[in-house]
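Chemist: Here is a sequence together with a model predicted from it:
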Amino acid sequence: MLWFFTCVGLLIGGYFIYGAFIEKVFGINEQRQTPAHTKTDGVDYVPMSKNKVYLVQLLNIAGVGPIFGPIMGALYGPAAMLWIVIGCVFAGAVHDYFSGMLSVRNGGASVPSIVGKYLGAPAKHFMNLFAIVLLLLVGVVFVSAPAGMITNLINEQTSMTVSLGMMVAIIFAYYVIATIVPVDKIIGRFYPFFGALLIFMSVGLIGALMVSSEHSLMAGYQVSDMFTNMNPNDMPLWPALFITIACGAISGFHATQSPLMARCMENEKNGRFVFYGAMIGEGVIALIWCALALSYFPDVQSLAEAVKNGGPGNVVYSASFGLLGVFGGIIAFLGVVILPITSGDTAFRSSRLILAEYFNMSQTSIKNRLVIAAPLFAIGAVLTQVDFGIIWRYFGFANQLTAVMMLWTASAYLARADKLHWITTVPAMFMTAVVTTFILNNATLGFGLGMTVSTACGVLTAVGVAFGVTTVIGKQELPADAEA
């Protein structure tokens, strides 16, 4: 129990100490008008209060990733919690802060435009394609996951019977509406309430676990276990853990979502709370679910069996109803279901805005919004027919590679502005080594090379990219329209 609360305390301390340092390095300008005021259009650029923007940001970035990822990460043992804390404070929250604040400084620009501005045109073209692919994968994952969870809930807890296909169609219909209507009509109006429900649900579950007579919070684990790979399937901790736990520690998907709220934030001084703070909030959620997975089941072998019999959704279902009973379980379970739905619609919304930005197509007209959104949903509908496990594996790698691109973009910006670039360069180098090693070593998605060779290539790649970004690109002047 002490280890769990220590981890939570470190996350909160990270916000106040390291978050303030990151904000100081970036250098906010409270007098500078944000895009919410300079480009107000009543659709995507709409000023909203700090608290509302924070809760919407939290819902946007917190899909099933900070729940499913930590549950799968818990198979490695308490070491997963250590990565959540370190990754969140020094990598994930920093990544989210710069993806949001660089968007604010560039008129609410999407991630491909930001990448192109500081890393060059080739990087922009790569990110335009890659970001759309990632967002479509996210949209599909966040249709399939909640559809399956809702279907199981209805069929097991009521006398009704619904099909998975019907639930997929209902969620897709909602996504279409939420993607094209003004941001303050659905997302800005209802998501703050959903955000509060999410927080209440997470606190409620960990509270129920603490008072439970059958389960104990992190009982049976020692401090030494934090540095031990306990995976019962003999999966290597390096680099798999850092791909498995994405959204709870660092996630490139967030770079596609932060510009949505960069278009609604009223003042640059709110950036640390909205961007860095929302990631810390997601880190707490990830810690809760990792602790629940490790505590609700007697050992990692039992957890692995539960995952095998129904995936991480089965763990969510078992813990929710086992700790809170039928009524409380339904509320908690629905709180989890809301997460992917509120991220899935914004994934499609981000796709629409990225394509609109690329084709320079105004989005004030609903016709223009439909012209772009319709093909995206058609492709997404086809992808829902692909096996969920395959989509999730590709999503995990694509997600972390996007995070790498955003971190290097931030390093290029800081180096060219003659600021302390190491705050993004160090996590960028680490994640570059992770994704390179993973794709070279993984036999299913990559090349199946040996771990030693893959790791060596990963480290060399990280060092080489660092030299190029901070020395070659870093010596170039900032673009004329960029503010240091």
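Modeler: Thanks, I have it.

Chemist: Low-confidence regions, the stretch 351-484 of the chain specifically.
Modeler: In the predicted model, the stretch 351-484 of the chain carries pLDDT under 70 at residues 387-393, 480, 483-484.

Chemist: Go again with 50.
Modeler: Nowhere does the stretch 351-484 of the chain drop to pLDDT under 50.

Chemist: Grab the most central residue of this protein for me.
Modeler: Cys247 (3.6 Å; C-alpha atoms, centre = their mean).

Chemist: Which residue of the protein lies farthest from its centroid?
Modeler: Max radial position in the chain (C-alpha atoms, centre = their mean) goes to Ser159, at 35.6 Å.

Chemist: Check the spacing between that one and Val85 real quick.
Modeler: 44 Å (C-beta to C-beta, to the nearest Å). For the C-beta atoms, the positions are set from N, CA and C on the backbone; glycine is no exception.

Chemist: again, but for Glu214
Modeler: Distance from Glu214 to Val85, by C-beta to C-beta: 28 Å.

Chemist: neighbour count winner among the two?
Modeler: Val85 (21 against 8; other C-beta atoms under 10 Å).

Chemist: host element of that one?
Modeler: helix 79-87 (DSSP states H and E).

Chemist: Check the offset of that helix from the chain's centre.
Modeler: In terms of C-alpha atoms, centre = their mean, to the nearest Å, the centre of helix 79-87 is found 15 Å from the chain centre.

Chemist: Remind me what that helix packs against, helices and strands.
Modeler: helix 2-16, helix 65-73, helix 240-244, helix 277-296 (3 or more C-beta pairs under 8 Å, 6 or more residues apart in numbering; DSSP states H and E).

Chemist: and the next element down the chain from that helix?
Modeler: Next element after helix 79-87 (DSSP H and E): helix 93-105.

Chemist: any idea of the mean pLDDT for that next one?
Modeler: Across helix 93-105, the average pLDDT comes to 97.

Chemist: Spit out the contact partners of Asp41.
Modeler: Each residue near Asp41 by C-beta atoms under 8 Å, 6 or more residues apart in numbering is listed here: 363-364.

Chemist: Need the pLDDT of it.
Modeler: 87.

Chemist: secondary structure class for it?
Modeler: Following DSSP: H, G, I helix; E, B strand; the rest coil, Asp41 is assigned to coil.

Chemist: List the buried residues in stretch 354-370.
Modeler: Going by neighbour count (16 or more other C-beta atoms under 10 Å), the buried part of stretch 354-370 is 354-358, 363, 368-369.

Chemist: cool, and stretch 25-40?
Modeler: Quick answer for stretch 25-40 (16+ other C-beta under 10 Å): 25-26, 28, 34-36.

Chemist: Mind checking which of these land in helices?
Modeler: Among the buried residues of stretch 25-40, DSSP state H puts 25-26, 35-36 in helices.

Chemist: ok, so of those, who is nearest Met230?
Modeler: Val25 (37.3 Å; C-beta to C-beta).

Chemist: Now the closest one: closest residue in space that isn't a chain neighbour?
Modeler: Nearest non-adjacent residue to Val25, counting by C-beta to C-beta, 6 or more residues apart in numbering: Leu420, 5.1 Å away.

Chemist: Kindly report the same for Val336.
Modeler: Val316 (5.3 Å).

Chemist: Please apply the same query to Ile71.
Modeler: Closest to Ile71 by C-beta to C-beta, 6+ apart is Pro312, at 4.1 Å.

Chemist: how many other residues sit next to that neighbour?
Modeler: 22.

Chemist: Specify the helix with the largest residue count in the protein.
Modeler: Under DSSP H, the chain gives helix 311-359 as its longest helix.

Chemist: next one: it to chain centre, how far?
Modeler: With C-alpha atoms, centre = their mean, you get 12 Å for helix 311-359.

Chemist: re earlier: distance to Pro239 for the buried residues of stretch 354-370 - can I get that in a markdown table?
Modeler: Listed next are the buried residues of stretch 354-370 as a markdown table, based on distance: C-beta to C-beta, whole Å:
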| residue | distance to Pro239 |
| --- | --- |
| Ile354 | 28 |
| Leu355 | 32 |
| Ala356 | 36 |
| Glu357 | 33 |
| Tyr358 | 32 |
| Gln363 | 39 |
| Asn368 | 42 |
| Arg369 | 39 |
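
Chemist: now, among those residues, which is nearest to Ala482?
Modeler: Once C-beta to C-beta is applied, the member of these that ends up nearest Ala482 is Glu357, at 17.0 Å.

Chemist: The closest one reaches Val111, doesn't it?
Modeler: No - look at Glu357 against Val111 with C-beta atoms under 8 Å: they stay out of range, at 10.1 Å.

Chemist: ok, and the closest non-adjacent residue to Tyr15?
Modeler: Ile280 (4.6 Å).

Chemist: thinking the one you found is in contact with Ala93, fair?
Modeler: Yes - counting by C-beta under 8 Å, Ile280 touches Ala93, with 5.7 Å between them.

Chemist: what sits in contact with each of those two?
Modeler: With C-beta under 8 Å, 6+ apart as the test, Ile280 and Ala93 both reach 14-15, 19.
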